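> the sequence isn't on hand, but the structure is:
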């Protein structure tokens, strides 16, 4: 029987939008049901995993013309997979997950990209500033339920 990764069993999907200079613009834990204290601990490990994958994503984005990079990294110490999507402006969408679902993740990235474009086209939103809109967060969660 395969050992269970207790960190990921609490939150199967963790999504981050990373801007230029590796600045996080948005992050969302998609599915955590744990306590606030435990969620913070798990979120820090997720942030570390995503941050460590950024160099791999940067290397992969120059090898293809596709925006969807699919799975770019698999953690050796756990079953964590990192999938990425790169916008025309080199903003990276990063999804940490444990189940391979290329078609669902592709649909998720495409729909999130559509609402992301609407956000950055807003004249009151600085494209390099964190996205704090509660409506954006709600829509990302709705899209995650649809595809993931």
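Received it, and whenever you're ready, just let me know what you need. Here the structure is a predicted model, which means the values were calculated and not measured. Numbering: from 1, shown residues only.
> neighbours of the closest residue to residue 18 other than its chain neighbours, just the number please.
Distances taken as CB to CB, 6 or more residues apart in numbering put residue 92 closest to residue 18, at 4.5 Å, once the chain neighbours are dropped. C-beta coordinates here come from the backbone N, C-alpha and C atoms, glycine included. Residue 92: 23 surrounding residues under other CB atoms under 10 Å.
> just the strands from this protein, written as ranges.
For the chain, the strands defined by DSSP state E cover 13-18, 24-30, 68-74, 81-86, 92-97.
> list the contacts of the residue nearest to residue 18.
Taking CB atoms under 8 Å, 6 or more residues apart in numbering, we find residue 92 in contact with 17-18, 54, 57, 61, 84-86.
> one more: residue 16?
By CB under 8 Å, 6+ apart, the contact set of residue 16 is 24, 26-28, 47, 50, 93-96.
> so how many other residues sit close to the closest residue to residue 91 other than its chain neighbours?
Ranked by CB to CB, 6+ apart and with sequence neighbours excluded, the top spatial neighbour of residue 91 is residue 19, at 5.4 Å. By the measure other CB under 10 Å, the count of residues near residue 19 is 19.
> just the pLDDT for residue 19.
Residue 19 carries a pLDDT value of 93.
> same check on the one 3 residues further on?
Per-residue confidence (pLDDT) for residue 22: 91.
> isn't it right up against residue 52?
No. Residue 22 lies out of contact with residue 52 (CB atoms under 8 Å); the separation is 11.2 Å.
> so who does the residue nearest to residue 30 when sequence neighbours are not counted touch?
Nearest residue to residue 30, sequence neighbours excluded (CB to CB, 6+ apart): residue 13, at 4.0 Å. Residue 13 makes contact with 29-31, 95-97, 144, 148 under the criterion CB under 8 Å, 6+ apart.
> separation between residue 13 and residue 130?
20 Å (CB to CB, to the nearest Å).
> residues near the closest residue to residue 93 other than its chain neighbours, how many?
Setting aside the residues directly before and after it, residue 93 is nearest to residue 85 in space (CB to CB, 6+ apart), at 4.1 Å. If you count neighbours by other CB under 10 Å, residue 85 ends up with 25.
> I'd guessed residue 85 sits against residue 113; true?
Yes. In this structure residue 85 lies within contact range of residue 113 using CB under 8 Å: 6.8 Å.
> which residues do the two both contact?
Both residue 85 and residue 113 are contacted by 67, 93, under the criterion CB under 8 Å, 6+ apart.
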